[in-house]
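[1] just the structure for this:
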Amino acid sequence: QVQLQESGPGLVKPSQTLSLTCTVSGGSITANYYYWSWIRQPPGKGLEYMGAIAYSGSTYYSPSLKSRTSISRDTSMNHVTLQLSSVTPEDTAVYYCASRREGGLYDNWGQGTQVTVSS
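    Numbers count the residues shown, from 1 in each chain. Sure thing, here's the model as predicted:
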């Protein structure tokens, strides 16, 4: 059973860089054909796809966030990291990591972590 756990600071100041980690257990982030994504949900709004890193290490980003987003991985630690730069209060959201097999639906989700951007 693959489990995902997000971690990181719950409060970030405007203009700073938000950094979150998704630690994966029960499976490898290099497992063939799997993608590890970051998805967020601002208060009162729907889910927003931010980007993903593939089993190969290739990265994919939402066009609307591409200029501020970086997704990387540490295969020795089996975790995936999200960095979002120049944050504003509009980046306040619950941030999730989720996995899916190529061509499939998201089959595993972390519990989510609340991030608030405020001075």
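[2] what ranges do the strands span in this protein?
    With DSSP state E as the criterion, the chain has strands at 3-7, 11-12, 18-25, 34-41, 48-54, 59-61, 69-74, 79-84, 93-101, 106-109, 113-117.
[3] mean neighbour count added to those strands, as a markdown table?
    For glycine as for every other residue, the C-beta is placed from the backbone atoms N, C-alpha and C. Putting the strands of the chain into a markdown table (neighbours: other Cβ atoms under 10 Å) gives the following:
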| stretch | mean neighbour count |
| --- | --- |
| strand 3-7 | 17 |
| strand 11-12 | 16 |
| strand 18-25 | 19 |
| strand 34-41 | 22 |
| strand 48-54 | 19 |
| strand 59-61 | 15 |
| strand 69-74 | 16 |
| strand 79-84 | 20 |
| strand 93-101 | 21 |
| strand 106-109 | 15 |
| strand 113-117 | 17 |
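[4] save those as TSV, and put in mean pLDDT too.
    Shown next, in TSV, are the strands of the chain (pLDDT from 0 to 100):
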stretch	mean pLDDT
strand 3-7	98
strand 11-12	98
strand 18-25	98
strand 34-41	98
strand 48-54	98
strand 59-61	98
strand 69-74	98
strand 79-84	98
strand 93-101	98
strand 106-109	96
strand 113-117	98
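[5] quick check: beta-bridge partners of Arg101?
    Tyr34 (DSSP bridges).
[6] what residues are up against it?
    Applying Cβ atoms under 8 Å, 6 or more residues apart in numbering to Arg101 gives the contacts Tyr33, Tyr34, Tyr35, Asp107.
[7] please apply the same query to Tyr55.
    If a contact means Cβ under 8 Å, 6+ apart, then Tyr55 has Ile29, Thr30, Ala31, Asn32, Tyr33, Tyr34, Tyr35 as its contacts.
[8] got it, and Leu47?
    By Cβ under 8 Å, 6+ apart, the contact list for Leu47 reads Ile39, Arg40, Gln41, Tyr96.
[9] out of those, which is nearest to Leu18?
    The nearest member of the contacts of Leu47 to Leu18, counting by Cβ to Cβ, is Arg40 at 10.1 Å.
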